[in-house]
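> Structure for this input, please:
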Amino acid sequence: MAMGKKVARGSLLPSVLEDDGSETEHERVELGGMGSRPPSRPSKAYSRGSVDYQRVTRSDGSLLGPSGGGSGAVVSGDGYQEVEVEEEVGEGRRSTSSARRASDTMEDDYDTDLDLEDPGLAYDPTGEVRYREACRTLKVIPASFFLRNMHSSELNMTHHGLGPQGTKALAVPLVTNISVVRLNLRDNWMEALGGSAVAELLKENCYITEIDLSENRLGDGGAEALCSMLLENTTLACLRLSSNELSDGGAKHLSLAISTNQSLESLDLSHNKLGDAAGETLGHAIAENTGMKFLSLAWNCIRGRGAIALAKGLGANIFLRKVDLSYNGLGKDGAVALGEALRENNTLEELNISNNRIPPEGAIRFSIGLKVNKTIRILKMARNPMQSAGCYGILASIQSNPASVMEYLDFSDITVDLQFDKLYNIMQETFPSLQIKHGGRVNAYKIST
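Numbers count the residues shown, from 1 in each chain. Sure thing, here's the model as predicted:
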């Protein structure tokens, strides 16, 4: 049998061979009459401190271990013993492998639910790792500003040129991000593809309450995806979709979302291409909505029958507090319909109908609603061709309503005459908090001769 030899360093204390507990008289005498371990201690193969297949020679020349050939040990000058160990190559290998199997079995027996996860998968609360991986997959450059601020509660990513692919990459970490509450992605040219990615993000994220997607050319395709999101999301309170080329087709999807979602409190649809059909569709949805407090449809193309339907919707709504319809084409018919709505509505506090081509007759008929309304505090009718007669009619209606709470009238760029000025001075006694802004008085600087 082949024999191997190893040299180890041991302490001055004698090593003890552990065996099955039976010792010869000769071994007991050599160890000073004391057994290698108490009989009550069970024998265990490969226990701690055991030396198998070894023969150790003490400094006095006595031997410990099983009988057999081989040389002894010599004590070196530094206080250590050089021990020559003889191993039976074949037997030793088999014994070592058996020990390893026994050790593995013991480890399996002690598995618990407290086992740690793979240390390579570190906890990533902000999603930085996922963002870098998404950028690598989509072949876009990571936005360093996003990496620096993704832990903030408010993230302003305006004018970063993300594009559709960059927006998709950005949406990946935001799905699980719990820090960002207000997200501004204005002017990033994300188009419908990027809008769809944001919509999917908002279906999963329940922390973002305010998002600005203005000036992103979403189109009706992006609007459809976002409206689908609004049917599921219950945490988003403010959505801005200004300047996104939304048309009457997109309004169909918006109307379903407005009538269904009751958690959205603020919606900005200004600077789009919403026309008469959109006004009709949105008017019915507004009448059914029970959660929205602010709505902006400024800078669109709502006129005629669309304006009338929209006004009727406002009359039936009992939750809206602020409405902006400026820069449309309401005209006379729209103004008359809004006057009727103000007779019924008892929650609206601020209304902006500036620059809507409202003539003097339309303003006077609109003012009929102000004779009974008890909630309007701010009314803006600037840059309408209603002249001083229309302004006077508005002011006279407020004077005849003792329950009016009007605080501010905006008649910017509309000149008024002396008669209007006199009425305003009279009303200062009954409405001391009322402020009026107008375009100046006619002939105010005329020199009398």
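
> ok, which stretches of the stretch 301-449 of the chain are strands?
In the stretch 301-449 of the chain, the segments counted as strands under DSSP state E, counting those that start in this stretch are 322-324, 350-352, 378-380, 408-411, 435-438.

> any low-confidence regions in the protein?
1-126, 444-449 (pLDDT under 70).

> The stretch 301-449 of the chain: helices as residue ranges?
304-316, 331-344, 360-366, 387-399, 418-430 (DSSP state H, counting those that start in this stretch).

> Could you measure from the spatially most central residue of the chain over to L256?
The centroid of the chain falls nearest to I208 when counting by Cα atoms, centre = their mean (3.9 Å). Applying Cβ to Cβ, to the nearest Å, the value for I208 to L256 is 22 Å. In short, each C-beta sits where N, CA and C put it, glycine included.

> you'd agree T209 is up against V180?
No: T209 lies out of contact with V180 (Cβ atoms under 8 Å); the separation is 9.9 Å.

> For N352, list each beta-bridge partner.
D324, K380 (DSSP bridges).

> now the helices of the stretch 301-449 of the chain as a markdown table including distance to N184 and mean neighbour count?
A markdown table is the format used below for the helices of the stretch 301-449 of the chain (distance: least, Cβ to Cβ, whole Å; neighbours: other Cβ atoms under 10 Å):
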| stretch | distance to N184 | mean neighbour count |
| --- | --- | --- |
| helix 304-316 | 28 | 23 |
| helix 331-344 | 32 | 21 |
| helix 360-366 | 36 | 22 |
| helix 387-399 | 37 | 21 |
| helix 418-430 | 41 | 13 |
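
> Same list, the ones you listed, but as TSV with distance to S196 please.
Formatted as TSV, these follow (distance: least, Cβ to Cβ, whole Å):
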stretch	distance to S196
helix 304-316	28
helix 331-344	35
helix 360-366	41
helix 387-399	46
helix 418-430	53
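
> show me the residues around Q419 that make contact.
By Cβ atoms under 8 Å, 6 or more residues apart in numbering, the contact set of Q419 is S388, Y392.

> again but with N328, I slipped
L297, A298, W299, N300, C301, I302, R303, A307, G334, N356.

> Quick check: the two most widely separated of these?
W299 and G334 (15.4 Å; Cβ to Cβ).

> ok, back up a step: right, so of the helices of the stretch 301-449 of the chain, which gets closest to R217?
helix 304-316 (23.8 Å).

> picking up where we left off before, ok, T209 and V180, which is more surrounded?
Using other Cβ atoms under 10 Å as the criterion, T209 and V180 rank with V180 on top: 23 against 15.

> And that one, how far from R148?
In terms of Cβ to Cβ, V180 sits 13 Å off from R148.

> G390 too?
From G390 to R148 the distance is 53 Å (Cβ to Cβ).

> How many residues are close by the residue nearest to E288 when sequence neighbours are not counted?
In this structure, E288 finds its nearest non-sequential neighbour in S259, 4.3 Å apart by Cβ to Cβ, 6 or more residues apart in numbering. For S259, the count of nearby residues is 16 (other Cβ under 10 Å).

> quick one: buried residues of whichever strand or helix holds S259?
Element membership of S259, judged by DSSP states H and E, is helix 248-260. Buried residues in helix 248-260, counted by 16 or more other Cβ atoms under 10 Å: D248, G249, G250, A251, K252, H253, L254, S255, L256, A257, I258, S259.

> That helix versus helix 304-316: what angle between them?
Counting by axes from the mean of the first three to the mean of the last three Cα atoms, to 10 degrees, helix 248-260 points 10 degrees away from the direction of helix 304-316.
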